[in-house]
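Any chance you could fold what I've pasted below:
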Amino acid sequence: MGLQLLYHILLFFVAAPWILHPCSAIGDDTDQTTFLLVNASTSLSRKIPDNLFGVFFEEINHAGAGGLWAELVSNRGFEAGGPNTPSNIAPWAILGDESSVIISTDRSSLFDRNKIALRMEVLCDYEGANKCPLGGVGIYNPGYWGMNIEQGKTYQVILYVRSLGSINVSVSLNGANGLQTLASHNIVANDVSEWTKVEFKLDAMGSDRNARLQLTTSRKGLIWFDQVSVMPSDTYKGHGFRKDLFSMVQDLRPGFLRFPGGCFVEGDWLRNAFRWKETIGPWEERPGHFGDVWLYWTDDGMGHFEFLQLAEDLGALPIWVFNNGISHHDQVNTSDIEPFIQEILDGLEFAKGDANSTWGSVRAKMGHPEPFDVRYVAIGNEDCGKENYKGNYLKFYSAIKDAYPDVNMISNCDGSSSQLDHPAQLYDYHIYDTANTVFSQSRKFDHSPRVGPKAFVSEYAVWREDAGTGSLLAAVAEAAFLIGLERNSDLVEFASYAPLFVNKNDRRWNPDAIVFDSSEVYGTPSYWMQHFFRESNGATLLSSTVQSSSSLVASAISWQRSLDRKTFLRVKVVNFGSSMTNLTISIKELEKSIEVGGSSKTVLTSSSVMDENSFSNPNKVVPVKSLLDNAGEDMNVTLLPHSVTAFDFALKGDLDEDKIKMMKVEEGASSFSVTSDAVQVLSS
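Just a heads-up that it's a prediction; the model follows:
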């Protein structure tokens, strides 16, 4: 049977051009050919939302504190034990014994919102009977499971000190055992009877990924320390974000950033919920708080302002999730919710208000006079069904719409099966399940209501046994699910994987997209899977149908490369089966012919479905790109078992070389060469 005749026969039996043929079960298509038919006609195409695929950041797994936020000192203000004394100074530790130094805490800090300071009583001296040991006595901080100090780099140190007498304090970055000095500076002062801010830079003369900060002295007396900070000087744009982790997120080209949670927003109890006003202003004055859901202290150096800045730096829409008066275990009555509403209205003014407004002026003083582009807020997280949610939600909705009619609101209630009984612009949908279930959910939104609010799939992932700590199996199932969201992007407005980050030393949740420690980082297969959807935001969805198959899910889009505006037709196919599958791709109604030389194939797969990446083998499961030598409107390909494959067909067209060069310079790439039809990037 000819391909063109087969195309028309199959097209006749397809009821809806956006929907793949139903799959009755997940299995294998062994030794048979499956047909994928793509119709590139503009009459059957539709634009995908500009910001469909994005990222969700939650303070979980030390994602920010000890992660993306580059501060090296853990518990820098000695506040981790709360506002009472004695406080928990961990992970600070003592250098010396009780005969030479006594360490305690008191409420003598300069800062009203975080009163705890460290008190160091030095009993030994640089001479005499009770002589201090070599190197002195004091305290040290190992950071978040080691400070990554690199030779040749500069580190900004800020601390506050007070003493009843003169001081000679050594501030040093040392190797893991404290013996090797990587950088040091002496604070010598005769009068620090009042709290004194000390700032200086340390230039590292050596490297150690498990280094620590030491504050030591060999002079008898009383010294107080507070708010001790060490930041690398090379954070992204000087905004405080660790460059390698920022780059991993940036490489996903996210259309939006949802923040700061998640359960982190709710708190196990309201007293520990994220409160935005406590996280703005000078970092020294932020009280910090205990995240009682994920069980660790954060000094909130990465606060409301920094999340907004992060979204802007990523070129992503900020989506703020705020507490609506409900935690996991307690909640505010709707009749008493007004203070919470005012808190959020103030937060929106901080983000969106004029630089002369009450809260907009605070933002301006922090270095951002122009408003942030906040268009979406989520009223709570996973709170639908709780006693006071609907009542509280309606109060928030009304107040925000009155003050900011341009702000779109997201309900926690699921509207995928039936319409909501309350106003909303979007509804939140979360899915954590087995690989089979997530794969099957590629059809989840096929028959959801098209009237009313759109869907925000803000948290999706395969988890538990199928996921391990980030498996190929999970990534393949998730890719099928995302293809379903892409096909239903007339209804689905946003989608993001969760969680985004995990510090290997505090793995509270499995799996995660990006794994890191103090010095290294790698992406799980689920992270690399998301790269297959980087070009989907704002692209054009084409009509595609696949012959009945229990293991294949596919879609087709046309997109333009940002560098040179060259157009590609991308076909994505997920093979969830355990056997190779022969696939015939037939593309019709193309306005431009396919350029073989510029076409490529990218495949994500591995030898075992449970294969994972690791620090020792970070590239075990990553996309592999190759030229597509047989590119054409009708072509036969072989799909590997448990794989995600993208076929990028370059479409012929003339390029303006001068325009390309100008665009390349603007984008900051270092070098490239231009041929008549394509641009080859020589360095990223």
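
just the strands in the stretch 551-684 of the chain please.
In the stretch 551-684 of the chain, the strands defined using DSSP state E, counting those that start in this stretch lie at 552-560, 567-575, 581-588, 594-604, 624-627, 634-639, 643-651, 672-674, 679-681.

between those strands, which gets nearest to residue 285?
The closest approach between residue 285 and any of these, judged by C-beta to C-beta, belongs to strand 679-681 at 45.1 Å. All C-beta spots, glycine's among them, are computed from the backbone N, C-alpha and C.

Now do that closest one, average pLDDT.
In this model, strand 679-681 has a mean pLDDT of 29.

Could you do stretch 138-145 as well?
Confidence over stretch 138-145, taken as the mean pLDDT, stands at 98.

Then stretch 512-519?
Per-residue pLDDT over stretch 512-519 has a mean of 98.

if we can go back for a sec, the strands of the stretch 551-684 of the chain into JSON lines, with extra columns for mean neighbour count?
Rendered in JSON lines, the data for the strands of the stretch 551-684 of the chain read as follows (neighbours: other C-beta atoms under 10 Å):
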{"stretch": "strand 552-560", "mean neighbour count": "24"}
{"stretch": "strand 567-575", "mean neighbour count": "24"}
{"stretch": "strand 581-588", "mean neighbour count": "20"}
{"stretch": "strand 594-604", "mean neighbour count": "18"}
{"stretch": "strand 624-627", "mean neighbour count": "11"}
{"stretch": "strand 634-639", "mean neighbour count": "16"}
{"stretch": "strand 643-651", "mean neighbour count": "24"}
{"stretch": "strand 672-674", "mean neighbour count": "14"}
{"stretch": "strand 679-681", "mean neighbour count": "15"}
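
show me where this protein has helices.
Counting by DSSP state H, the chain has helices at residues 3-13, 243-250, 263-266, 304-314, 338-352, 358-365, 389-403, 435-440, 472-487, 525-530, 657-667.

Switch those over to TSV; also include mean neighbour count.
Shown next, in TSV, are these (neighbours: other C-beta under 10 Å):
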stretch	mean neighbour count
helix 3-13	12
helix 243-250	18
helix 263-266	24
helix 304-314	22
helix 338-352	18
helix 358-365	17
helix 389-403	18
helix 435-440	21
helix 472-487	28
helix 525-530	25
helix 657-667	13
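
Mind checking the ones you listed for the one nearest to residue 608?
Comparison of the helices of the chain against residue 608 by C-beta to C-beta identifies helix 472-487 as nearest, at 7.3 Å.

So what's the gap between that closest one and the chain middle?
Relative to the chain's own centre, helix 472-487 is displaced by 19 Å; criterion: C-alpha atoms, centre = their mean, to the nearest Å.

ok, now stretch 182-198?
Remark: stretch 182-198 is offset 38 Å from the chain centroid, using C-alpha atoms, centre = their mean.

who's in contact with it?
The list of residues contacting stretch 182-198 from outside it, by C-beta atoms under 8 Å, 6 or more residues apart in numbering, reads 109-110, 149, 151, 155, 157-164, 166-175, 200, 202-208, 211, 224, 226.

So which of these are in strands?
Using DSSP state E to define strands, the subset of those located there is 149, 155, 157-163, 167-174, 200, 202-203, 208, 211, 224, 226.
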